[in-house]
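Undergrad: Sequence first, predicted coordinates after that:
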Amino acid sequence: MPRYAKRLLTLPEYPLGKFPQKKRELIARGMDVIDLGAGDADLAPPPAAVERLAAAARTPSMSRYGFGLGLVEYREAIARFMKRRFDLEFDALTEIVPLIGSKEGISHVALAYAEDGDVTIIPEPGYLAYVGGTQLALGEPYRYELRPENDFLVDLDQIPADVLKRTRILYLNYPNNPTAAVAPRDYLESVVKRCRELDILLVYDNAYSEMAFDGYRPPSIFEIDGAKDVAIEFHSMSKTYNMTGWRCGWAVGSKELVAPLAKVKLFVDTGAFMAVQAASAAALDDYDNFVPRNIAVFRERRDAAVAAFRENGFEVEAPKATMYLWIPLPEHITSAEFAEFLMEEEGVIVLPGSSFGAGGEGFFRVSFVTSAERLREAAMRAGRVLTRLSVGA
Ligand SMILES: Cc1ncc(COP(=O)(O)O)c(C=O)c1O
């Protein structure tokens with residue numbers, strides 16, 4: 001049998017990979033499954049995007065290769081969004097890279113910036129594309145634990161100098177998946193300053209920039225002075241517009257920093273379906289009409305989930321942003337044991353903190369991606385499992 005590459009063995013299990021099959025098994029067993037696993041809401045995408053997709057699918061030129069350029073209309077809509085939302089100017093043709101979902105770019109960027117033995121700093125718990133991209137590029141992950149004690153922020157000065165010397169990439173993601181933490185502006189200023197001093201590429205994953213509540217407006221990293229010298233920022237259509245399956249996002253940054261990513265992509269893909277890019281442009285231009293109402297639905301779900309988990313014995317903080325609750329467990333219950341019990345006995349899928357890396361132990365993640373009523377039902381079942389696992393402890 002042909003031998004596969006050793007780098008494959010270095011990859012962890014991808015937690016969300018097993019759930020579609022597992023869910024089918026639970027349903028076949030007659031369980032009423034509530035899936036709060038993936039950050040993948042049950043809501044509809046913008047009608048403006050659906051209509052544009054349908055029209056574009058009937059236009060023959062949209063079915064051709066986009067190559068790296070893709071649809072200029074999409075690039076221009078992104079530039080307009082960055083201006084409207086953050087008051088930042090980017091050149092549509094040279095400073096924006098259309099992506100097949102932001103995950104695609106986030107995982108490929110290490111191929112452009114890290115090589116054999118180069119270190120990348122990976123916040124843990126964290127989105128697994130950081131470690132995946134690093135290891136596929138044969139880089140060396142340095143795991144930094146995000147804990148309540150450090151406000152879920154990476155402090156570069158806690159990392160040994162010899163590691164920092166070999167570091168090429170720092171991945172940061174605020175608002176954060178899975179902890180729902182947000183980053184204060186003075187923190188972002190200090191990180192940008194340190195990355196400039198150390199010549200580290202700051203990969204700023206801003207997938208949740210629009211998913212924020214109670215008047216909080218997450219910044220772009222480029223609002224911070226000097227960021228354009230060291231950062232690439234990643235954005236996604238997925239969460240803001242309920243378009244997870246459409247696979248569309250973008251990277252933005254100085255021409256010099258994004259060009260290497262664009263070059264890698266020329267050799268591994270040919271861009272997202274241009275009809276999807278056209279639909280994404282329509283969604284971006286329909287922001288005012290769609291996004292505030294969509295976020296209001298998530299806020300209602302957040303409030304319902306926070307109240308229900310509290311009523312059922314959990315300590316939960318109401319997150320300012322993201323679609324997640326990051327809920328601590330009593331010390332004697334491991335997150336894997338809790339999630340397994342909850343799934344097998346009560347049909348509720350949540351993610352154990354440990355599946356985001358060792359630093360996530362002691363927590364589980366709930367995605368508020370379904371109705372308030374189903375979230376209340378899920379919290380009740382979770383409360384029953386908490387009681388059962390606590391008995392005799
Ligand atoms: C932190 C973070 N970054 C990026 C993504 C990827 O989003 P997409 O590839 O759908 O744009 C996700 C999706 O869950 C995420 O949680």
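TA: Sure, I can see it. Quick caveat: nothing in here was measured; it's all calculated off a predicted structure.

Undergrad: isn't there a strand covering Val366?
TA: Yes: secondary structure assignment places Val366 in a strand (DSSP: H, G, I helix; E, B strand; the rest coil).

Undergrad: what pairs with it across the strands?
TA: In this entry, Val366 is beta-bridged to Leu325, by DSSP bridges.

Undergrad: mind checking how far it is from Leu69?
TA: With the distance defined as CB to CB, to the nearest Å, Val366 ends up 40 Å from Leu69. In short, each C-beta sits where N, CA and C put it, glycine included.

Undergrad: swap in Val154?
TA: Taken as CB to CB, the span from Val154 to Leu69 is 35 Å.

Undergrad: Pro98 too?
TA: Distance from Pro98 to Leu69, by CB to CB: 8 Å.

Undergrad: Repeat that for Arg376.
TA: 48 Å.

Undergrad: I'd guess Tyr204 is in a helix, am I close?
TA: No: according to three-state DSSP, the state of Tyr204 is strand, so it is not within a helix.

Undergrad: so how many other residues sit close to the closest residue to it other than its chain neighbours?
TA: Counting by CB to CB, 6 or more residues apart in numbering, Tyr204 lies nearest to Ile221, which is 4.0 Å off, once chain neighbours are set aside. When neighbours are defined as other CB atoms under 10 Å, Ile221 has 25 of them.

Undergrad: residue contacts, Ile221?
TA: By CB atoms under 8 Å, 6 or more residues apart in numbering, Ile221 lies in contact with 172, 188, 192, 202, 204, 206, 227, 231, 233.

Undergrad: and with 10 Å instead?
TA: 86, 172, 174, 183, 188, 191-192, 202-206, 227-228, 230-233, 252-253 (CB atoms under 10 Å, 6 or more residues apart in numbering).

Undergrad: picking up where we left off before, which one's more surrounded, Val154 and Leu69?
TA: Between Val154 and Leu69, counted using other CB under 10 Å, Val154 has the larger neighbour count: 21 against 13.

Undergrad: That one: which element?
TA: Assessed by DSSP states H and E, Val154 sits outside every helix and strand.

Undergrad: quick one, phi psi at it?
TA: phi -90, psi 130 (degrees, to the nearest 10).

Undergrad: and the gap between it and the ligand?
TA: 14 Å (CB to the nearest ligand atom, to the nearest Å).

Undergrad: pretty sure that residue is touching Leu164, no?
TA: No: judged on CB atoms under 10 Å, Val154 makes no contact with Leu164 at a distance of 11.8 Å.

Undergrad: got a list of what Pro219 touches?
TA: 85-86, 174, 182-185, 188, 204, 206, 209.

Undergrad: One more: Glu13?
TA: Counted by CB under 10 Å, 6+ apart, Glu13 has contacts 128, 355.

Undergrad: Quick check: the gap between it and the ligand.
TA: Glu13 is 17 Å from the ligand, by CB to the nearest ligand atom.

Undergrad: and that residue, what element?
TA: Using DSSP H and E, no helix or strand contains Glu13.

Undergrad: roughly how far apart are it and Gly357?
TA: Counting by CB to CB, the gap from Glu13 to Gly357 is 12 Å.

Undergrad: what do these two both touch?
TA: Common neighbours of Glu13 and Gly357 (CB under 10 Å, 6+ apart) are Leu128.

Undergrad: Tell me where this structure has strands.
TA: For the chain, the strands defined by DSSP state E occupy 34-35, 96-99, 119-124, 140-145, 167-172, 201-205, 231-236, 249-253, 324-328, 348-349, 351-352, 363-367.

Undergrad: The third one vs the ligand: in contact?
TA: So that's strand 119-124. No: Strand 119-124 does not reach the ligand (CB under 6 Å from any ligand atom); its nearest approach is 10.2 Å.

Undergrad: What segments of the protein are helices?
TA: Ranges of helices within the chain are 7-10, 19-28, 47-57, 72-86, 102-113, 129-136, 161-165, 185-198, 255-268, 274-285, 287-311, 335-346, 372-390, based on DSSP state H.

Undergrad: For Arg147, which of those helices is the nearest?
TA: helix 335-346 (13.9 Å; CB to CB).

Undergrad: Kindly export the closest one (C-alpha atoms) in PDB.
TA: What follows is helix 335-346, C-alpha atoms only, in PDB (Å, rounded to 0.1, in the frame of the first residue of the first chain):
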ATOM      1  CA  SER A 335     -15.000  17.900  29.400                       C
ATOM      2  CA  ALA A 336     -14.800  14.800  27.300                       C
ATOM      3  CA  GLU A 337     -16.700  12.700  29.800                       C
ATOM      4  CA  PHE A 338     -19.400  15.400  30.100                       C
ATOM      5  CA  ALA A 339     -19.800  15.800  26.400                       C
ATOM      6  CA  GLU A 340     -19.900  12.100  25.800                       C
ATOM      7  CA  PHE A 341     -22.600  11.500  28.500                       C
ATOM      8  CA  LEU A 342     -24.700  14.400  27.200                       C
ATOM      9  CA  MET A 343     -24.600  13.100  23.700                       C
ATOM     10  CA  GLU A 344     -25.100   9.400  24.400                       C
ATOM     11  CA  GLU A 345     -27.700   9.800  27.100                       C
ATOM     12  CA  GLU A 346     -29.500  13.000  26.300                       C
END
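
Undergrad: quick check: mean pLDDT across that helix?
TA: Helix 335-346 carries an average pLDDT of 94.

Undergrad: For it, which helices and strands make contact with it?
TA: Contact here means 3 or more CB pairs under 10 Å, 6 or more residues apart in numbering; DSSP states H and E; on that basis helix 335-346 packs against helix 19-28, strand 34-35, strand 324-328, strand 348-349, strand 351-352, strand 363-367, helix 372-390.
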